[in-house]
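[1] Here you go, sequence then predicted model.
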Amino acid sequence: MLYGGYQHNIDKKGRLAIPAKLREQLGESFMICRGIYGKRCLCVYSAQEWEKLVEKIGSLPNAKSSVVKRFLYDGAFNVEFDTQGRILIPATLREYANLEGEAHIIGMDTNLEIWNTGLWEEENAQYSPESVAQIVETLEF
């Protein structure tokens, strides 16, 4: 399970350090792509979680599946860690998510999200403890 929030700098070459605890769970080779949930962030999936996502998208009706595949696959890259635990974020993805300087990395259970820190702060400011509690109240325990 991937969890936690981390602030890291992106260097001028577009490299971002990923915390060691998260690296272990992602494996040696994994996927980075544009987020598909209507937010200008990037998503990082282990090879296993990527295959699950691909399978779910394939179960959509063809017209919808094609739209999602075009959006997702056009901006998807297989990446690996360098010797210092960094990943190179392709320029097209850095531009899409407005990533430069500082980034916020969030463990989202099955994947990571990488956000421009300012955009993350705006997104996170929309939710209060009370609004999150209202969502949690819909769960059955």
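    Looks like it came in fine.

[2] that's a strand at E122, yeah?
    No. Using DSSP: H, G, I helix; E, B strand; the rest coil, the assignment for E122 is helix, not a strand.

[3] Find me whatever residue is spatially closest to L112, sequence neighbours aside.
    Closest residue in space to L112, ignoring its immediate chain neighbours: V44 at 4.0 Å, by C-beta to C-beta, 6 or more residues apart in numbering. (C-beta placed from N, C-alpha, C; glycine too.)

[4] Just the C-alphas of stretch 58-76, formatted as CSV.
    C-alpha atoms of stretch 58-76 as CSV (Å, rounded to 0.1, in the frame of the first residue of the first chain):
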residue,chain,number,x,y,z
GLY,A,58,-10.5,-2.4,-21.8
SER,A,59,-13.8,-3.4,-20.2
LEU,A,60,-15.4,-0.1,-21.2
PRO,A,61,-17.5,0.1,-24.3
ASN,A,62,-15.2,0.5,-27.4
ALA,A,63,-15.9,4.2,-28.0
LYS,A,64,-15.3,5.2,-24.4
SER,A,65,-12.3,2.9,-24.1
SER,A,66,-10.7,4.4,-27.2
VAL,A,67,-11.0,7.9,-25.7
VAL,A,68,-9.4,7.0,-22.4
LYS,A,69,-6.7,5.0,-24.1
ARG,A,70,-5.8,7.9,-26.4
PHE,A,71,-5.5,10.3,-23.5
LEU,A,72,-3.7,7.9,-21.2
TYR,A,73,-1.4,6.0,-23.6
ASP,A,74,-0.2,9.1,-25.5
GLY,A,75,1.3,10.4,-22.2
ALA,A,76,2.4,7.1,-20.7
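
[5] Show me the residue sitting in the middle of the protein in space.
    C43 (1.9 Å; C-alpha atoms, centre = their mean).
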